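Visitor: Need coordinates for the below:
(2 chains)
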Protein chains: 2
Amino acid sequence: MKVLPPSKVYQLLEPGPVVLLTTARKGRANVMTMSWHMMVEFEPPRVACVVSGANDSFAALRATKECVIAIPALDLAPTVVEVGNCSGRDVNKFERFGLTPVPAACVAPPLIAECFANLECKVVDTRLVRKYNIFILEVLKAWSDPARKNPRTIHHHGYGRFVVDGETIKLKSRMR
Amino acid sequence: MKVLPPSKVYQLLEPGPVVLLTTARKGRANVMTMSWHMMVEFEPPRVACVVSGANDSFAALRATKECVIAIPALDLAPTVVEVGNCSGRDVNKFERFGLTPVPAACVAPPLIAECFANLECKVVDTRLVRKYNIFILEVLKAWSDPARKNPRTIHHHGYGRFVVDGETIKLKSRMR
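Guide: This next block holds a predicted model:
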């Protein structure tokens, strides 16, 4: 994994890929599947996300204020669904699904080796947690796997239907 | 345009498409390009989005608390970029780019006829506007164009690079 400049983080999340979110509490790591996230700021990269109180990860995120957003490509799609279909209360999802936890540099939750990018995050605002389960995160360190060229991400349309990245088009734009 | 049940709205926005946002103030409609949005609640459908203070639409959204999220498909990609590259302060973007405003049912900002789906929204929370430019919207009425089968949306990766929806995969999932 190679360090990714903060200024490039938005290019990973802005397109709306399904991601994995890792947390760690009392020495136990957990992982969930997440699609409700958005960029909030370019630099420092800030991200908003929704973690439902029904998820075991909610309590860990609220208590520890740390997480990692790991971005899977198409090859992990079946794993992504399986991770979302069970709870960390019942099972060690890393072992069950063959995900390799890698120590992060700035936070306790692990990176996931099988994901092509990993974002170490801390929670910086919880004002909308009570009403909407919205956490505001700041990305402390970003990693990408240089061996993975042009990873194709997946986008959730509901009930296990995913659309995979297709062709790339390039248009002349003054927008960042 | 056909009314879309509120329960299906998340299937449009969760995959992370680039969207257009219309506002209306003092009888003048405007439109901007937006990629920073996420679902917050299934029903009633609630959406969070970031509208920069640098956009002319920011003041209109904050003052009127109404907007329409219009979802374009690939055919509109060049228009989406052009809309993002200029300001409503200088030009009537609907006229300039051949977008057809259609009266909405519940809000003053118009739907866009060329988009395959349109979501009429009101602002329901502004607590994070000052610090992050985050608006919380509630979708009052959703429309989709039944003549548009399997529209391919576009996903922004920065600087005019877009990835177009590719193949669809279906995995067995208990997740909504």
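
Visitor: can you tell me how far whatever residue of chain A ends up closest to chain B sits from A:S35?
Guide: Using CB to the nearest CB, the closest approach of chain A to chain B is made by A:G16 at 1.1 Å. All C-beta spots, glycine's among them, are computed from the backbone N, C-alpha and C. Counting by CB to CB, to the nearest Å, the gap between A:G16 and A:S35 amounts to 8 Å.

Visitor: what does A:G98 give?
Guide: A:G98 is 22 Å from A:S35, by CB to CB.

Visitor: and if you look at A:F42?
Guide: 22 Å.

Visitor: Between these two, which is the more surrounded one?
Guide: A:S35 (26 against 15; other CB atoms under 10 Å in any protein chain shown).

Visitor: Quick check: the more buried one touching A:V18?
Guide: Yes: using CB atoms under 8 Å, A:S35 is in contact with A:V18, at 5.2 Å.

Visitor: so what sits against both of those two?
Guide: Taking CB atoms under 8 Å, 6 or more residues apart in numbering or on different chains as the criterion, A:S35 and A:V18 both touch A:H155, A:H156.

Visitor: all strands of chain A, in order?
Guide: Taking DSSP state E as the criterion, chain A contains strands spanning A:2-4, A:19-25, A:28-34, A:37-41, A:46-50, A:66-71, A:101-102, A:111-112, A:117-125, A:134-144, A:154-158, A:161-170.

Visitor: Distance from the chain centre to the second one, please.
Guide: Going back to what we said before, that points to strand A:19-25. 8 Å (CA atoms, centre = their mean, to the nearest Å).

Visitor: Give me the helices and strands touching that strand, please.
Guide: strand A:28-34, helix A:56-64, strand A:66-71, strand A:111-112 (3 or more CB pairs under 8 Å, 6 or more residues apart in numbering or on different chains; DSSP states H and E).

Visitor: Which residue, other than its chain neighbours, is closest to A:P101?
Guide: Spatial nearest neighbour of A:P101, excluding adjacent residues (CB to CB, 6 or more residues apart in numbering or on different chains): A:P110 at 3.4 Å.

Visitor: ok, what's across the strand from the residue most central in space within chain A?
Guide: Nearest to the geometric centre of chain A sits A:I69, at 2.5 Å (CA atoms, centre = their mean). In this entry, A:I69 is beta-bridged to A:L21, A:L119, by DSSP bridges.
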